[in-house]
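1. Fold the stuff below for me.
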Amino acid sequence: KEHPHFTAIQKEQNNDMMEVDNDGNPATQIRISLQLYPGCDESLEVPSLPMAVPANLKRKGLASIVNHLLGRTDTDERDSEDEDEEESTSSTASGNDNNKLAPLPFDFLIQKTNRLLRTSLENAVRSSGLSTEEDLLISYFPAVKPPQTGDDTEPLPDWVSAIAFSSNFFMSGAYDGIVRVHDVSSGAVSSQVQAHDGPIKCMSVHPAHTCTGNRNVVANNNNDIMIATGSGDHTLVTHIYNCAENTLRLHAEYTGTHTNGIEAARFNSAGNTLASADWNGNVALWQVPDKSNINNNSEAAAAAAAPRQSKKKSKRAKEDFSGTDSSSSSSNTVTAGVTWKAHSSNVSGVVWGLDNKHLITGSWDHSVKTWDAERQDCLLTLNGARVVTTLDRCSNSDIIATGHPDSAVRLWDMRVGGAKEQAKVLDASLKVSHKAWISSVEWSPIEPHMLATTSHDGFIKMWDIRSTLPLHSVRAHKKGEKGLCVTLGEKIAFSGGSDCMVKKFTW
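-> This next block holds a predicted model:
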């Protein structure tokens, strides 16, 4: 049965067939079939009947066709020949009439190449080695909207250098050594504790947002969030935040291994093992004590504790500090289960592999490596041309993204075992877009193709790795200030920087 608007589209196509190129010859046509991307709202589905469209049609032109088939107001916008490839993926919904919905911005994925359409259909087909005579199957889905600025935190007393997201809270770590728990909605500080005497360089939380199918799941049975932080003062600690009681208490201190600044730390998915790495190139694995192994009497713990004041002065004036951490009598002291020399220089990033049996590390020695966590055997080494400043892993594979001082974001295939022959670096996958040192990269816990980056240029950028260009670029921190860390949730992002602010973005 024909879609009520399909006949109108067919008529428009007949008119398009009469278009001519610059030499007066009939315009080239390409036959396509449109298919709604799996998991999208079924109300956006259109007939998948093949149709002939002009070969010079671009993203906006295809979006106009889809909106017409959906009965949404047609903006009558035709793609111009000079449309720049760097144009934003989102077009602004404009104009409502009394009977039709406003048009939606759409993105289009060419199935045979698994690449987003960023040029004309003809250019995309020819550059991929496909034939213009073949029917082209194209999936479509609503485009990611540009991030909108939300409520920022009040200015903190020092640079915000680490940030993580869990449930209804996000956590920040700063150069003043204080761990803060913020409410997601308002950004207000719910609780805080002096965790270190030096700057906090890394943070990991458990439970964190995870991806199960198409749902965002947070496994938090006891209203407790465990927060691990590493510092330039060579210390590594975990704290427990009780959401119901709004208390933040010292859980464990991890000692006896690191003799230099701790640059990276990460829980495994179960939260029972913590990996850490330092400036000297060493990696350590720690058995995390059970959450119940802590004095749960918050009043007694607070009374027994004396506020630890940082020995190092902040870069900016310190705020009055009222937080306390529990005394050593109510926390655990942990020694490393195993430690080894993983790199010849600073280990700037560490993540667990998808199977939790492998560990992936990146270093200033220009390499990324995959390790057997149980045997500490190096299973794979990939060498690049630049220092690795940060890394993170895709939510459903062992593809990682790394940041570098040359402003580039690179993708690496770190799969080992049966897929070892596929391990490689995909240097050409993402074009350079930042203007300075990449300080943080984080993959979306919801969308396996989406990641965010921040840089010393003060911008955050949203990427879909099926395109070489960022989806959106937003100035997060004012000119002259550095972006230092970024974290992602479900349609929400937070960025911390040298302006002592945490910026919130939603879409």
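2. going forward, measure contacts between C-alpha atoms and count neighbours the same way
-> Will do.
3. Just want to check the distance between the residue nearest to His366 when sequence neighbours are not counted and Gly353.
-> The shortest distance from His366 to any residue that is not its chain neighbour, by CA to CA, 6 or more residues apart in numbering, is 4.6 Å, and that residue is Val387. The spacing between Val387 and Gly353, counted by CA to CA, to the nearest Å, is 21 Å.
4. isn't the residue nearest to His366 right up against Ser348?
-> No. Checked against CA atoms under 8 Å, the pair Val387 and Ser348 is beyond contact range at 9.2 Å.
5. Looking at the two, which is more packed in?
-> Under the criterion of other CA atoms under 10 Å, the comparison of Val387 against Ser348 puts Ser348 first, with 25 against 21.
6. didn't the more buried one look like it was pressed against Val388?
-> Yes. Under the contact definition of CA under 8 Å, Ser348 touches Val388, with a separation of 6.7 Å.
7. circling back to that earlier point, which residues are in contact with each of Val387 and Ser348?
-> Taking CA atoms under 8 Å, 6 or more residues apart in numbering as the contact criterion, the residues that touch both Val387 and Ser348 are Ser363, Trp364.
8. Which of the helices or strands spans the residue nearest to His366?
-> Using DSSP states H and E, Val387 maps to neither a helix nor a strand.
9. Let me see the backbone angles for it.
-> Per-residue torsions, Val387: phi -60, psi 140 (degrees, to the nearest 10).
10. Okay, it and Arg266: tell me how far apart.
-> Val387 sits 20 Å away from Arg266, taking CA to CA as the criterion.
11. Could you do Asn246 as well?
-> Between Asn246 and Arg266 the computed distance is 24 Å (CA to CA).
12. likewise Trp412?
-> With distances defined as CA to CA, the gap from Trp412 to Arg266 amounts to 19 Å.
13. repeat for Gly403
-> When distance is defined by CA to CA, Gly403 is 17 Å away from Arg266.
14. got it, and Val338?
-> To Arg266, Val338 is 15 Å away according to CA to CA.
15. and the two? which has more neighbours close in?
-> Regarding Val338 and Arg266, a neighbour count based on other CA under 10 Å identifies Arg266 as having more, with 25 against 16.
16. what is the mean pLDDT for whichever strand or helix holds that one?
-> Secondary-structure element containing Arg266, defined by DSSP H and E: strand 262-267. For strand 262-267, mean pLDDT rounds to 98.
17. who touches it?
-> Identification of contacts with strand 262-267 by CA under 8 Å, 6+ apart yields 201-206, 228-236, 273-279, 346-352.
18. so where do the helices sit in the stretch 251-400 of the chain?
-> Listed in chain order, the helices found in the stretch 251-400 of the chain under DSSP state H, counting those that start in this stretch are 298-304.
19. which neighbours do Ser348 and Val388 share?
-> Taking CA under 8 Å, 6+ apart as the contact definition, Ser348 and Val388 share the neighbouring residues Gly362, Ser363, Trp364.
20. export the residues you listed to a markdown table and tack on neighbour count and pLDDT?
-> Output for the shared contacts of Ser348 and Val388, formatted as a markdown table (neighbours: other CA atoms under 10 Å; pLDDT from 0 to 100):
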| residue | neighbour count | pLDDT |
| --- | --- | --- |
| Gly362 | 33 | 98 |
| Ser363 | 27 | 98 |
| Trp364 | 21 | 98 |
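21. Check whether Thr506 really touches Ile492, as I assumed.
-> Yes. Checked against CA under 8 Å, the pair Thr506 and Ile492 is within contact range at 4.5 Å.
22. What's the separation between the closest residue in space to Cys40 that isn't next to it in sequence and Ile30?
-> Beyond its immediate neighbours in the sequence, the residue positioned closest to Cys40 (CA to CA, 6+ apart) is Phe141, lying 6.7 Å away. According to CA to CA, Phe141 stands 21 Å off from Ile30.
23. Also Ala252?
-> In this structure, Ala252 and Ile30 are separated by 63 Å, where distance is defined by CA to CA.
24. Look at the residue nearest to Ile163 when sequence neighbours are not counted and tell me its secondary structure.
-> Nearest residue to Ile163 in three dimensions, chain neighbours excluded: Ser172, at 4.4 Å (CA to CA, 6+ apart). Taking DSSP: H, G, I helix; E, B strand; the rest coil as the rule, one finds Ser172 in the strand state.
25. Show me the shaky parts of the protein.
-> Within the chain, the stretches with pLDDT under 70 are 1-27, 74-100, 209-222, 293-330, 417-428.
26. can we see that at 80?
-> 1-27, 73-100, 151-153, 167, 208-223, 292-330, 417-429 (pLDDT under 80).
27. returning to that earlier point: pick out whichever of Ala252 and Ile30 has more residues nearby.
-> Set side by side, Ala252 and Ile30 show unequal neighbour counts under other CA under 10 Å, the larger going to Ala252 at 25 against 21.
28. Hmm, that one is touching Thr235, no?
-> No. With contact defined as CA under 8 Å, Ala252 does not reach Thr235; the gap is 11.1 Å.
29. For the shared contacts of Ser348 and Val388, give me TSV that also has distance to Trp463.
-> Formatted as TSV, those follow (distance: CA to CA, whole Å):
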residue	distance to Trp463
Gly362	21
Ser363	23
Trp364	24
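30. so which of the residues you listed comes closest to Thr453?
-> Distances from Thr453 to the shared contacts of Ser348 and Val388, taken as CA to CA, are shortest for Gly362 (16.4 Å).
31. Am I right that Ile65 falls within a helix?
-> Yes. Secondary structure of Ile65 (three-state DSSP): part of a helix.
32. Alpha carbons only: can I get stretch 376-393 in PDB?
-> Provided in PDB are the C-alpha atoms of stretch 376-393 (Å, rounded to 0.1, in the frame of the first residue of the first chain):
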ATOM      1  CA  GLN A 376      50.900  -9.400  33.000                       C
ATOM      2  CA  ASP A 377      51.800 -10.500  29.500                       C
ATOM      3  CA  CYS A 378      51.800  -7.900  26.700                       C
ATOM      4  CA  LEU A 379      49.500  -9.300  24.000                       C
ATOM      5  CA  LEU A 380      49.600  -6.400  21.600                       C
ATOM      6  CA  THR A 381      51.700  -3.200  21.100                       C
ATOM      7  CA  LEU A 382      50.800  -0.500  18.600                       C
ATOM      8  CA  ASN A 383      53.200   2.400  18.100                       C
ATOM      9  CA  GLY A 384      52.100   5.800  17.000                       C
ATOM     10  CA  ALA A 385      53.900   9.000  16.100                       C
ATOM     11  CA  ARG A 386      52.700  11.100  19.100                       C
ATOM     12  CA  VAL A 387      52.500  11.100  22.800                       C
ATOM     13  CA  VAL A 388      49.200   9.600  24.100                       C
ATOM     14  CA  THR A 389      47.600  12.100  26.500                       C
ATOM     15  CA  THR A 390      44.300  10.300  27.200                       C
ATOM     16  CA  LEU A 391      42.300   7.300  26.200                       C
ATOM     17  CA  ASP A 392      38.900   5.600  26.600                       C
ATOM     18  CA  ARG A 393      37.300   2.400  25.300                       C
END
